[in-house]
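Student: Mind folding the following:
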Amino acid sequence: MLTRHRQEDLTHPYEPSLRKREVRQVERLQEEAAKIRTWLQAHPADRRGVRGAIRKSNCTDNESAKIATGKGVIQGDTGVVVVDEQPQSIVAAQAHGVGQEQELLAPAVEAIQTLRPAATLIMADAGYHSEANLQQLARHGLDAYLPDKGYRKRAPRYAGQEQPRRQPAPLYNKAPQPQKLRLFRPQDFHVAEDPSHGVCPAGARLYRNGHHRERRGFVALKFTGRKTACGGCTLRVRCLRAPATTPVRQVSLLLGPTAGKPETYTAQMKRKIDSPRGREMITRRCATVEPVFGNLHHNKRLPRFTLRGREKVDGQWKLYCLGHNSEKLAHWGYARCP
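Tutor: Numbering: from 1, shown residues only. As a prediction, the model looks like this:
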């Protein structure tokens, strides 16, 4: 039987049905490639992100975007809601085919322009934090609390609450694994009273490299260790990422804000967030909007959008938000009316 099959393969290299299927597949791929090239030529500057990079999409839904989530990168849209703290009702809802939330703060604030009084306080999570957004809020005179991504590392209440690690595989190696040593950070180094030199954690002197430098709106001094001191240092493995190839340690130490330059909006917001009032606002934001997302996701069973195209997705998102508001009115609004 195998001999007969080999002879048939030599005589008839392709069956007619397989050959037609291959031709159809090639034609379909060429048609899709031509469609993509035509669309890119007609929209050379379209679908650009906040940083100028091209926002990746697909042929099925050109208005969606690649979004990084805790379960990997997915193709979809981002739903945004503006929630009033007192009744926990949604006053504005939008869906956008973007992966970065930074560019969605301005449309959300503009959507409630006619609804917010002068004393409105705006709170958002770290995904909306950027220098441009803070500058725009300050230009319009809006009081806001937008924590940065490093807020949890500075807040004392989050000490020891690092992000939990993923559960390992059931058959993982349960033998104790050696932990990586934490490298010395710039805050572990010190500037001497005479700023002519620095002092490393081992107590050795580091010489200065030039004059004061400017680094992100702060005055900084750059120091370099000496080969004679770093070469035989016992803390070398904790000071250098590659102790076998890197001869000495270099570090920049911040002295303070640059004189004559205005303080950045990010620095002002950090000081505002780290205050007792700012820490209170962070907890109030979580208690205001996170229950709304939990209600839409779990109770209303909207774990993902089921439509394509921004107009349809935006309509689906607003429909579910309308159901949330209707439930609020039924339980806490009209139900309490005499």
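Student: make it CA atoms for all contacts and neighbour counts henceforth
Tutor: OK.
Student: which SS state does Leu254 fall under?
Tutor: Three-state call for Leu254 (DSSP: H, G, I helix; E, B strand; the rest coil): strand.
Student: Surely it touches Leu221?
Tutor: Yes. Between Leu254 and Leu221 there is a contact at 6.6 Å, judged by C-alpha atoms under 8 Å.
Student: Give me the more crowded residue out of those two.
Tutor: Neighbour count, other C-alpha atoms under 10 Å: between Leu254 and Leu221, Leu221 has more, with 23 against 19.
Student: tell me the SS of that one?
Tutor: strand.
Student: so it sits right up against Gly256, yeah?
Tutor: No. If you go by C-alpha under 8 Å, Leu221 and Gly256 don't touch, sitting 10.4 Å apart.
Student: wait, is Glu263 part of a strand?
Tutor: No. Remark: Glu263 does not belong to a strand; assigned using three-state DSSP, it is coil.
Student: Next, work out how far apart it and Gly315 are.
Tutor: In this view, Glu263 and Gly315 are 42 Å apart by C-alpha to C-alpha, to the nearest Å.
Student: what's the burial count for Ala92?
Tutor: 18.
Student: Within the helices and strands, which one has it?
Tutor: strand 90-96 (DSSP states H and E).
Student: Pull the distance from that strand to the chain's centre.
Tutor: 20 Å (C-alpha atoms, centre = their mean, to the nearest Å).
Student: other SSEs contacting it?
Tutor: Counting contacts by 3 or more C-alpha pairs under 8 Å, 6 or more residues apart in numbering; DSSP states H and E, strand 90-96 is packed against strand 78-83, helix 105-111, helix 310-328.
Student: Looking at the ones you listed, spot the one closest to Pro178.
Tutor: With C-alpha to C-alpha as the criterion, Pro178 lies closest to strand 78-83 of the helices and strands packed on strand 90-96, at 40.5 Å.
Student: partner strands of that closest one, parallel or antiparallel?
Tutor: strand 90-96 (antiparallel) (DSSP bridges).
Student: Now do the partner strand against helix 310-328: the angle between them, please.
Tutor: For strand 90-96 against helix 310-328, the angle by axes from the mean of the first three to the mean of the last three C-alpha atoms, to 10 degrees is 160 degrees.
Student: then strand 90-96 to CSV, C-alphas only?
Tutor: Taking Å, rounded to 0.1, in the frame of the first residue of the first chain, the C-alpha atoms of strand 90-96 are listed here in CSV:
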residue,chain,number,x,y,z
ILE,A,90,-22.0,57.5,36.3
VAL,A,91,-22.1,61.1,34.9
ALA,A,92,-20.0,60.4,31.8
ALA,A,93,-19.0,57.2,29.9
GLN,A,94,-16.7,56.8,26.9
ALA,A,95,-15.0,54.0,25.1
HIS,A,96,-11.9,54.6,23.0
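Student: so how many other residues sit close to Ala267?
Tutor: 14.
Student: what's the next secondary structure element after the helix or strand hosting it?
Tutor: Element membership for Ala267 (DSSP H and E) is helix 265-273. As assigned by DSSP H and E, the chain's next helix or strand after helix 265-273 is helix 276-294.
Student: and that next one, average pLDDT?
Tutor: Averaged across helix 276-294, the pLDDT comes to 91.
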